[in-house]
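# Take a look and give me a structure for this.
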Amino acid sequence: MTFKKGQLILLDYTAKIKDSGEVFETTNEDDAKKHSIHDPNIKYMPKLVSVGEAWVLKGLDDALPETKAGEKKTIEVSAEKGFGARDKGKVRMIPLRKLGEDAEKVSVGDTVEIDNKKGIIRFIGSGRVQIDYNHRFAGKTIVYDVDIKKSLDSDDDKVTEILKSRLPVENDKINFKKTGGVVDITIPEEIYRADGLAIIKHFTQMDLFKFVPALTKVNFVESYENKTAKKEEKPAKPAEKKSK
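This is a model prediction of the structure:
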């Protein structure tokens, strides 16, 4: 059974550049280590995707309706439906001094930010530097090795995977209770002070109401203990030994 627009699915994938074979992204931690792109800050797990809603590159998104759960497939994505065609107008030559303090440190291939735009240094010489503002993979055909893990059909599965994708904690620390149309989500203590927690909550509740329309209320639960009071509690006296 193929997928309809807006259907939530889980997929594993490894993406590479067709002409060079360079692997640049994967949801699989073993593959990340194998190709030397492992990032300890990334949560490696199957990606949550809403089919046809631009949660992945257009070329990959366009191919998903023709796949099905349990299927493994190789999908080619053209530059036009990937990172775009190369635009010569986005390659600029600027004075080296414009890089300021970094002028003596940069080398060809480095990514720099000039006037709030990121670009890649392609040439340095004669007091000038050529910066390419095209995406690193512009003009490249991308190859995805895709494994469609699961179609999320039950409300509990949808809630679980939305929370996994949104909350920046290990999956075993995610806890929620769904009662009728109300879901109570326990926020792990380690992210109480996380940057952007309010934004995380906002987009989480938006996803939950969109994909689980039976929900009427979402509660985010934060619990605090009086640790000072606990420290002040006196330990119980050990029982006195009776003399024989």
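# For the rest of this, base every contact and every neighbour count on C-alpha atoms.
Will do.
# okay, now the domains of the chain?
1-86+137-152, 88-132, 154-233 (automatic domain parsing).
# Can you tell me which of those domains has the worst average pLDDT?
Per-stretch mean pLDDT for the domains of the chain is lowest at domain 88-132 (a mean of 91).
# ok, the nearest residue in space to residue 221 that is not next to it in sequence - contacts?
Nearest residue to residue 221, sequence neighbours excluded (Cα to Cα, 6 or more residues apart in numbering): residue 186, at 4.7 Å. Residue 186 is in contact with 174, 175, 176, 220, 221, 222, counting by Cα atoms under 8 Å, 6 or more residues apart in numbering.
# ok so, going back, highest mean neighbour count out of the domains of the chain?
When the domains of the chain are scored by mean count of other Cα atoms under 10 Å, the highest mean neighbour count falls to domain 1-86+137-152 (a mean of 17).
# my read: residue 3 touches residue 63, true?
No. In this structure residue 3 lies outside contact range of residue 63 using Cα atoms under 8 Å: 10.2 Å.
# which residues in this structure form helices?
29-34, 58-63, 155-166, 197-211, 227-232 (DSSP state H).
# Turn those helices into JSON lines, columns for distance to residue 137.
Output for the helices of the chain, formatted as JSON lines (distance: least, Cα to Cα, whole Å):
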{"stretch": "helix 29-34", "distance to residue 137": "18"}
{"stretch": "helix 58-63", "distance to residue 137": "14"}
{"stretch": "helix 155-166", "distance to residue 137": "26"}
{"stretch": "helix 197-211", "distance to residue 137": "29"}
{"stretch": "helix 227-232", "distance to residue 137": "52"}
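# closest one to residue 97 among those helices?
helix 29-34 (37.4 Å; Cα to Cα).
# got a list of contacts for the closest one?
14, 25, 26, 38, 39, 44, 45.
# Please report the distance of residue 68 from residue 139.
29 Å (Cα to Cα, to the nearest Å).
# Show the contacting residues for the closest residue to residue 111 other than its chain neighbours.
In this structure, residue 111 finds its nearest non-sequential neighbour in residue 120, 4.5 Å apart by Cα to Cα, 6+ apart. Shown in contact with residue 120 (Cα under 8 Å, 6+ apart): 108, 109, 110, 111, 112, 131, 132, 133, 136.
# which residues pair with residue 120 across the strands?
residue 111, residue 132 (DSSP bridges).
# And residue 75, by the same measure?
Under the criterion used (DSSP bridges), residue 75 bridges to residue 144.
# Against residue 152, how distant is it?
22 Å.
# on that earlier part again, can you redo the contacts of helix 29-34 as CSV, where the extra columns are distance to residue 88?
Output for these, formatted as CSV (distance: Cα to Cα, whole Å):
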residue, distance to residue 88
14, 29
25, 26
26, 29
38, 32
39, 32
44, 36
45, 37
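# farthest-separated two in those residues?
Spatially, the most separated pair among the contacts of helix 29-34 is 14 and 39, at 14.6 Å (Cα to Cα).
# Looking at the contacts of residue 186, spot the one nearest residue 201.
Relative to residue 201, and with distances defined as Cα to Cα, the nearest of those is residue 220, at 7.8 Å.
# Which one of the contacts of residue 186 is nearest to residue 56?
Ranked by distance to residue 56 (Cα to Cα), those are led by residue 174 at 24.7 Å.
# can I assume the closest one is in contact with residue 164?
Yes. With contact defined as Cα under 8 Å, residue 174 and residue 164 form a contacting pair (7.3 Å).
# For the closest residue to residue 134 other than its chain neighbours, list the residues it contacts.
Leaving aside its sequence neighbours, residue 134 sits nearest to residue 90 (Cα to Cα, 6+ apart; 6.0 Å). By Cα under 8 Å, 6+ apart, the contact list for residue 90 reads 132, 133, 134.
# any idea how far the last one is from residue 57?
It stands for residue 134. Residue 134 is 17 Å from residue 57, by Cα to Cα.
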